[in-house]
Structures are given as structure tokens and as C-alpha cells.
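Participant: sequence first, then the predicted structure, then my questions.
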There are 2 protein chains.
Amino acid sequence: MSGDELLQALAALGNPHRMRIIAALTERRNYVSRLAREIGMSRPLLHMHLQRLEAAGLVVGSLELSEDGKAMKFFEVAPFMYELTPRTIADAARTLTATTDRQRQKEEAQ
Amino acid sequence: MSGDELLQALAALGNPHRMRIIAALTERRNYVSRLAREIGMSRPLLHMHLQRLEAAGLVVGSLELSEDGKAMKFFEVAPFMYELTPRTIADAARTLTATTDRQRQKEEAQ
DNA sequence: GACATGTGTCAGGGTTGATTGACAGGTGCC
DNA sequence: GGCACCTGTCAATCAACCCTGACACATGTC
């Protein structure tokens, strides 16, 4: 596992809304509109958070067609297991390629 | 461990600079100015990141006096161990008290 | 006194993230 | 056609985060 991957996962999990989304999807897979109603979040906002979680590989979504022909995007949690200790963080930091935009700007300016 | 505590730790670790800080302090304890030089970061910026890490309980700092009388703040990593799985995240989410500022604003407005 | 080292903090500006409301498109049903 | 449900995205706004430069204070040395 690369440091960038762990970084993305940690950044995605470090948000109360996204933690609650993981909790909700752990109980059962769900589609966007219903999940938004259940956890009391606007649909565009939930959509954004799900994108971040999916980009981090923590949830997976699949567009399915219900029996009555409606398109419904179902999400479920991806099985993951990260062990966080000073050691694992240090190892991951060594493989970090992610330079911040600010650093990139500086390098390009030279 | 409370959900808020885990949330703060994850938010603190989900940043490349802070991951590198953890990595550097894992090798040896260090004081702020020297650490800033070694990892190529401005001292005020490092100071801010160290504050966040300390607030999350991931590092501990102690103000010591060197032999020549100068005050030096040493930091070292605190031993921690978090196991991240859908289950642990879901459990932590259940004990979350952290409402976002936006939510707090709404509640106060009612 | 000037200089080097260490500490901390502050205001300002730039970038990213969070959030909402409105819009577009699709299907099936009455 | 109108309504109910589903999907997506967009602009605009506000908060949060990130970052720098400059300041103030302390100590020891030349």
C-alpha cells in the first residue's frame, strides 16, 4: 500500500459526516436518495462525500436498474483494514509522492 | 476511546506534512527549530502542525532548558495504535458528539 | 551593542473543503 | 400532461485550512 493511498483514506475518514456514512453503509447497502433521507443530509452534499469515499477506495458504488426501470446508484462499504501506529505512518510517509500544490507552484516557479 | 478522539486523530494524520513530521519524530525526538530545518518547513508552519498533532494526542511536547540556558521545546511521538476497519469506524461514529459549526448554527437558530 | 540561537504569536492572503438551491435529464403511473 | 421517484451537475457562498513574513521576547557569545 502506498503512502498516498493511506493519506487519501485518512483524509476521507477524518470527517464526521463521512464516518457516519460508513456507519450507515456498514449496516446495509443503500442508494443515494434514501441514504440522504435517513441520515438527514442534502443529496448533493451526500453525493460529494460519497465521491471522496469512493476515490479513497472505502466504498464502492454501482449503478443498477430497479424493477420499475429507475436508475439507482447503490453504495456499500469496501472491506478495508488499516493499522495506524507511529511505525506504519512513518513507513507510509517515506513513499509519499504527494507534493502540495504550494510546493508544486514553487518548483515550477524555479 | 471516543469517536471524537478518533476523528481528531484521523484528521490530524490525513496531511502529508504531518505524516512526515511523525516519521521524523519516530526516528528521534527533536526541537522545533531544528526539525523545521531538517524537513524544510517554516517554523511557524511547523509550530501549527505540531499543535494539531499534540491536540490529537499523537505527539507530546515538553519545554526544556539546554545547558546554555536556552528554552527548547522538544517533541516526540506518543505511542498510539488505531485499527481502522468498517466496524471500528461505525462504532466510533456512534459516539460522535462533534456537530459541525454549520449544524450548531442551525440548531442555535431554531 | 551586534549577532546568533532558541521560543511564541499575529495579521494577511491564498487555497481547499463544505453546503445549499436550482437546474437538467431519466423512468413509470394516474 | 402532471406527479413521483431516481440520477447527475453547476454556480455561489461561507468556513476551514494552509502558509508566509514580520514582530516580540529570551539567552549566551564576540
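Facilitator: Yep, it's here. Keep in mind that this is a model prediction, so the values were computed, not measured.
Participant: hey, C-alpha coordinates of the helix or strand A:Phe75 falls within in CSV?
Facilitator: Element membership for A:Phe75 (DSSP states H and E) is strand A:71-77. Listed next in CSV are the C-alpha coordinates belonging to strand A:71-77 (Å, rounded to 0.1, in the frame of the first residue of the first chain):
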residue,chain,number,x,y,z
ALA,A,71,-31.7,4.1,-12.3
MET,A,72,-30.4,3.8,-8.7
LYS,A,73,-26.9,4.1,-7.5
PHE,A,74,-26.2,1.7,-4.7
PHE,A,75,-23.2,2.1,-2.4
GLU,A,76,-21.6,-0.4,0.0
VAL,A,77,-18.5,-0.3,2.1
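Participant: name every strand pairing with the helix or strand that that strand is followed by and say which way it goes.
Facilitator: The helix or strand immediately downstream of strand A:71-77 is strand A:82-84, counting by DSSP H and E. In the sheet, strand A:82-84 lines up against strand B:82-84 (antiparallel) (DSSP bridges).
Participant: return the set of buried residues in the partner strand.
Facilitator: Within strand B:82-84, the residues that qualify as buried are B:82, B:84, counting by 16 or more other CB atoms under 10 Å in any protein chain shown. C-beta: built from backbone N, CA, C; applies to glycine.
Participant: quick one: mean pLDDT for that strand?
Facilitator: In this model, strand B:82-84 has an average pLDDT of 97.
Participant: what's in contact with that strand?
Facilitator: Here strand B:82-84 makes contact (CB atoms under 8 Å, 6 or more residues apart in numbering or on different chains) with A:9, A:13, A:80-85, B:6, B:9-10, B:88.
Participant: and for A:Ser33, nearest residue in space, chain neighbours not counted?
Facilitator: The spatially closest residue to A:Ser33, leaving aside those adjacent along the chain, is A:Arg43, at 6.1 Å (CB to CB, 6 or more residues apart in numbering or on different chains).
Participant: and for the one you found, the neighbour number?
Facilitator: 12 (other CB atoms under 10 Å in any protein chain shown).
Participant: list the contacts for it?
Facilitator: A:32-33, A:36.
Participant: what does chain A put close to chain B?
Facilitator: Counting by CB under 8 Å from any CB of the partner chain, chain A comes close to chain B at A:3, A:7, A:9-17, A:19-20, A:22-23, A:25-27, A:77, A:79-87, A:89-90, A:92-94, A:96, A:98-100.
Participant: any of those residues buried? List them.
Facilitator: If we count by 16+ other CB under 10 Å, these have these buried: A:3, A:7, A:9-17, A:19-20, A:22-23, A:25-26, A:77, A:80, A:82, A:84-86, A:89-90, A:92-93, A:96.
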